[in-house]
Structures are given as C-alpha cells and as structure tokens.
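with the input below, show me the fold.
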Amino acid sequence: MYQGRMNTGQLPGATPAIPPMFPNMLPQFGALQMMPVQAMTQQATRHARRVYVGGLPPTANEQSVATYFSHVMSAIGGNTAGPGDAVVNVYINHEKKFAFVEMRSVEEASNAMALDGIIFEGAPVKVRRPSDYNPSLAATLGPSQPNPNLNLSVVGLSPGSAGGLEGPDRIFVGGLPYYFTEAQIRELLESFGPLRGFDLVKDRETGNSKGYAFCVYQDLSVTDIACGALNGIKMGDKTLTVRRANQGTTQPKPEQESVLLHAQQQIALQRFMLAAPSGAPATKVVCLTEVVNPEELKDDNDYEDIVEDMRTECAKFGTLVNVIIPRPLLDGDMAAGVGKVFLEYTDTEGATKARQGLNGRKFGGNEVLAVFYPENKFAEGDYSG
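Numbering: from 1, shown residues only. Take a look at the predicted model:
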C-alpha cells in the first residue's frame, strides 16, 4: 500500500491529485482570457494615446508620418515605454490633410503635445488632442502634460510652446472678425488676466486668420468668468462664441457674479480699444460694419439712395475716391462683405478723420464699428476681411 502511494508520487495522508479531464484546455483558456483584457485596456486608453496632427502636406503618408514622429519622439527624449517606436498606428485623412497618430502609452502621447508647430516635410503642423479626448478620464491614466525636461531644441522647438494649451481649462474663442490682429485679440483676453498659452488659428497657405483661437489662463479660476463674460458679445459683424474647448459651455458659479459684472464692464472698454487700437497702421480705406442691413440692399432704388447718403455723409471727413457697398447675389446668396461699407479716401488723413468720426456712432439702433482696411485687399476687390 505504501509502495503504491510512493509510485503515484503521493505522501501518506495526502489527498490524491485529481487528473485533469481536459489537460490541454487550461493553457488555452488562460490565453483566451488575457487577450480580451489587453484589448479592452487598449480601447479604454486610446483616446488618451491618440494625437491629432493637422496641416499635413499632400505628400504625407502613413509610413512617413509614423517614421517621422517615432524618430522625433526618440530625439527629444519623449519615449517612456522602453526601446522601439513610440508610434503604433497612423490614420490619415488626405482630403482634409490631418492624421490621428496613436502612441504606445498615455505618457508618450502627452509628450507629443510639445511638438505643436514642428516642421514636417517643409510645413509646420499642428499637434493637438483629438475631439474624443476626455481630460478627466485621461488624468487617471497617466501624465496629461509634456515632460518639462524634453530636449525640444534638437528639433527646433522651444520648451513650453505647446503644453500651455492643453487640459480641461483650454478655451475656444470663435466668431472673431478676420481683420482683428493677434495683438488685439490677446489684449481682449488678457483683460481677465495673463495667458499661459494662446494660439490664433491661421490658414496655412495665406497666413490669414480663420476667425478662431484657443487660450489658457495662468490663473485657471478665471476660465469660467472669461467664458461667461465674452460669450455672445458682438464684435463688429461677428458674435463671439467662447467656451471650454473640451467640455462645452460652463456657467459661472454664483459667488463669481460680482467678478463677472466687473469683467463685463471690462469688455465694453476692450471693445472700444479693439475698434481703435493704439499704433494700428492707418490706410486710405475705412471699413464700416453695423451700418446696413442686407435686406435693404436688394432693391435697386434703395441701394442707390444708401450709396448716395453714405457718399454725402462721409465726404465731410475728406475727399472720397470710392464708396463700395457689397450687395447680395441675384440668387439670394451672400457675397463676401455684404453688410459692410468701404470708404476709400485720397489720403490717410481723411480716412483717419472718418474712422474717428464714425466709430461708435448709432445708425439704425446699431453701434457702428469703423476700422482701417488693407489697401491691397480693397484694390483686389477682396471684401471678405
């Protein structure tokens, strides 16, 4: 009996081992369990591991983007998941010239945020979080800001140039008049406090403003105050849309109401300053908004009366060369510049007097906004600015 137990490898008093009925199932079952868990983890972190890259040149392809960003990440010391390439997948939308670049880890994706503005195949590209990025969830998965010790100088970037525009307190500022300069917009935003980051989005080919920007304040507590005060404000012929970029509109807390009132008073001052910025170069052309209603321009007789009235009134400031009031197209569509009046004078002295005399005046219940307009754009018949 004892010898029998010795032969089966069991000690006296030990419970005999039960032979597995399906000896090959356990390894397979274990592997089967691990694969879905890994896949689920990858899916849950994908929004925080993906990077949006915009403004790609037409020659870009998945391989060139993956190779370039893997090389750059290694060069700046941004690889934190060990040896190998940081990029694991690339999807390119060739029509809209952007890509989603998927990194191995959340931390590497955050480090990639420091690459905003890097030159790829001769063109500066924008590096941003994708629209499905969830900052609150991402904060539990890893660092949400680039490592401050990245060696950005090796790829021609300066430290801190991009990281300031990330996170839940990033503000979207839309509806900006195209003729407002970067300095004017910053002046408006900084009436609430200094900015940690600012980016006026421009057309890559022309360099002209696209009418929207992003910013982050150094003091994050003013984020909601600025959004509440600026959102809905009319600027010339535009209405501002100002909200948190990732989380939609957030209303100010009740205890912030007194601060908000002060902020709204600041807006009135800033609006005046934007309409007449100190040091802005004078031109011979003045653009007026909030003067005419597109409906008034459809009838030929009414249109001629409006042009003549404008010519008579505005000739008081100097010698007028031309009065241009763009009209709606015959099919009813709005042509560029409809709703604006352009006054061309023989010299900048007359234009300056007109801008000073007309800006802020009431016309049909609206407050006129008068700004200098680029002479080259006016000469080309470009009234879109």
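
packing partners of the host helix or strand of residue 301?
Residue 301 belongs to helix 300-314 when assigned by DSSP states H and E. Under the contact definition 3 or more C-beta pairs under 8 Å, 6 or more residues apart in numbering; DSSP states H and E, helix 300-314 sits against strand 320-324, strand 341-345. Using the backbone N, CA and C atoms, a C-beta is placed for each residue, glycine as well.

at 6 Å instead, please
Packing partners of helix 300-314 (3 or more C-beta pairs under 6 Å, 6 or more residues apart in numbering; DSSP states H and E): strand 320-324.

sorry, back to before: the helix holding residue 301 vs strand 320-324, what angle?
140 degrees (axes from the mean of the first three to the mean of the last three C-alpha atoms, to 10 degrees).

what residues sit buried inside helix 300-314?
Judged by neighbour count using 16 or more other C-beta atoms under 10 Å, the buried positions of helix 300-314 are 306-307, 310, 314.

again, but for stretch 369-384
For stretch 369-384, burial by neighbour count (16+ other C-beta under 10 Å) applies to 369-373, 377-378, 383.

now, which of those residues lie within helices?
Per DSSP state H, helices hold the following members of the buried residues of stretch 369-384: 377-378.

residue 384 and residue 208, how far apart?
From residue 384 across to residue 208, the span is 9 Å (C-beta to C-beta, to the nearest Å).

with residue 183 instead?
15 Å.

please apply the same query to residue 369.
Computed as C-beta to C-beta, the residue 369 to residue 208 distance reads 19 Å.

again with residue 296
From residue 296 across to residue 208, the span is 29 Å (C-beta to C-beta).

can you check residue 303 too?
Counting by C-beta to C-beta, the gap from residue 303 to residue 208 is 29 Å.

residue 75: neighbour count?
14 (other C-beta atoms under 10 Å).

cool, and residue 356?
13.

report the buried residues of the helix or strand that contains it.
Element membership of residue 356, judged by DSSP H and E, is helix 348-358. Applying a neighbour-count criterion of 16+ other C-beta under 10 Å, one finds 348, 350-355, 358 buried in helix 348-358.

would TSV of these with distance to residue 120 and pLDDT be doable?
Conversion of those to TSV gives the following (distance: C-beta to C-beta, whole Å; pLDDT from 0 to 100):
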residue	distance to residue 120	pLDDT
348	42	89
350	48	90
351	42	90
352	44	87
353	49	88
354	46	88
355	42	87
358	46	85
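
any idea how far residue 335 is from residue 297?
Separation of residue 335 from residue 297 (C-beta to C-beta): 10 Å.

higher neighbour count, the two?
residue 297 (18 against 12).

would you mind measuring from that one to residue 291?
For residue 297, the distance to residue 291 equals 11 Å [C-beta to C-beta].

cool, and residue 45?
The spacing between residue 45 and residue 291, counted by C-beta to C-beta, is 54 Å.

ok, residue 89 next?
For residue 89, the distance to residue 291 - C-beta to C-beta - is 53 Å.

those two: who's more crowded?
residue 291 (21 against 14).

wait, that one touches residue 340, no?
No: between residue 291 and residue 340 there is no contact under C-beta atoms under 6 Å: 7.6 Å.

which helix or which strand is home to the closest residue in space to residue 106 that isn't next to it in sequence?
Closest residue to residue 106 apart from its sequence neighbours, by C-beta to C-beta, 6 or more residues apart in numbering: residue 142 at 3.4 Å. Under DSSP H and E, no helix or strand contains residue 142.

could we number from 54 for the rest of this?
Yep, numbering from 54; the last one is residue 195 now.

per-residue confidence for residue 195?
pLDDT recorded at residue 195 is 86.

now swap in residue 154 and tell me
Model confidence at residue 154 (pLDDT) stands at 95.

can you pull the contacts of the nearest residue to it once chain neighbours are set aside?
Distances taken as C-beta to C-beta, 6+ apart place residue 104 nearest to residue 154, at 4.6 Å, with adjacent residues excluded. Residue 104 is in contact with 154, 162, 165, counting by C-beta atoms under 6 Å, 6 or more residues apart in numbering.

ok so, going back, could you measure the residue nearest to residue 159 against residue 156, distance?
11 Å.
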